[in-house]
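>>> Got a predicted model here, sequence first, then my questions.
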Amino acid sequence: MATTNNNSNNIHYKRLGREFALQFLFQHEVLENKEDLNSDNLHIFWQQVSDSEDVTSVDQKNIRKGQNFAKKLITGILENFKVINDKIAEYSIDWSIDRMAIIDRNVLRLAIFEMLFMDDIPPIVSIDEAVTIAKEFSSAKAATFINGVLNSIKDNLDRPPREANK
């Protein structure tokens, strides 16, 4: 987890949830390479999180809220896997999903899920979070690529990029 810095106690639960979801999706893809959700794998993942020293400095309330947000992301992404992957393929010109680093395609999946299915989060926030997380978990070059793909998707959404629907 990238939250091991001195400010990790102040991490927002949604950022924490996104990081949890990203880590689960990465692990799930490496171990299973499936689109379905195995509840045993999710249970094992949450056990690993609770045993991790990375979260010892994070407020337990934020961890619980982060886990709940991550569960929503994980479930939604896996339920809409084909739609999300089709969107990645449509907007990542000259890059097949299989050529992308696992972390990069899962950062894209997180943000695209939020942009398409979570009206309570402005698309611009999803993009900003994805770029920040990509810089932490991948590279600046990957973050630039992710930003470009997500901005193209944002420009073609049927909702305002800076507004959330309550």
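Happy to help now that I have it.
>>> hey, which helix or strand in this protein has the poorest pLDDT?
helix 39-51 (a mean of 79; mean pLDDT, DSSP states H and E).
>>> what residue ranges in this structure score low on pLDDT?
1-9, 32-39, 166 (pLDDT under 70).
>>> what's the neighbour count on H12?
By the criterion of other Cβ atoms under 10 Å, H12 has 13 neighbours. Every residue, glycine included, has its C-beta placed from N, CA and C.
>>> Now do the contacts for it.
N62 (Cβ atoms under 8 Å, 6 or more residues apart in numbering).
>>> mind checking how far it is from E19?
Per Cβ to Cβ, to the nearest Å, H12 is found 11 Å from E19.
>>> still on that earlier bit, pull the residues that contact the least confident helix or strand of the chain.
Contact partners of helix 39-51, identified using Cβ under 8 Å, 6+ apart, comprise 20, 23-24, 27-28, 31-32, 55, 63, 67, 71, 74.
>>> in that helix, what counts as buried?
41-42, 45, 49 (16 or more other Cβ atoms under 10 Å).
>>> and this structure, what are its domains?
By the assignment in automatic domain parsing, the chain contains the domains 12-79, 80-166.
>>> my read: V30 touches N106, true?
No: V30 is beyond contact range of N106, at 10.5 Å (criterion: Cβ atoms under 8 Å).
>>> For these two, indicate the residue with more neighbours.
Neighbours per residue (other Cβ under 10 Å) separate V30 from N106, with N106 holding more: 23 against 9.
>>> What residues does the more buried one make contact with?
22, 25-26, 29.
>>> Going by residue numbers, what spans are helices in the chain?
Per DSSP state H, the chain carries helices over the ranges 13-31, 39-51, 60-79, 81-91, 102-117, 123-137, 140-154.
>>> Single out the most deeply packed of these.
Stretch with highest mean neighbour count among the helices of the chain: helix 102-117 (a mean of 24; mean count of other Cβ atoms under 10 Å).
>>> quick check: angle from that one to helix 140-154?
Calculated by axes from the mean of the first three to the mean of the last three Cα atoms, to 10 degrees, helix 102-117 forms an angle of 20 degrees with helix 140-154.
>>> Report the inter-axis angle for helix 102-117 versus helix 81-91.
100 degrees.
>>> any idea which residue sits dead centre in this structure?
Geometric centre of the chain, nearest residue: L110, 3.3 Å, by Cα atoms, centre = their mean.
>>> I'd like the buried residues of helix 39-51 laid out as JSON lines, including distance to A134.
Below are these laid out as JSON lines (distance: Cβ to Cβ, whole Å):
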{"residue": "N41", "distance to A134": "24"}
{"residue": "L42", "distance to A134": "24"}
{"residue": "F45", "distance to A134": "21"}
{"residue": "V49", "distance to A134": "21"}
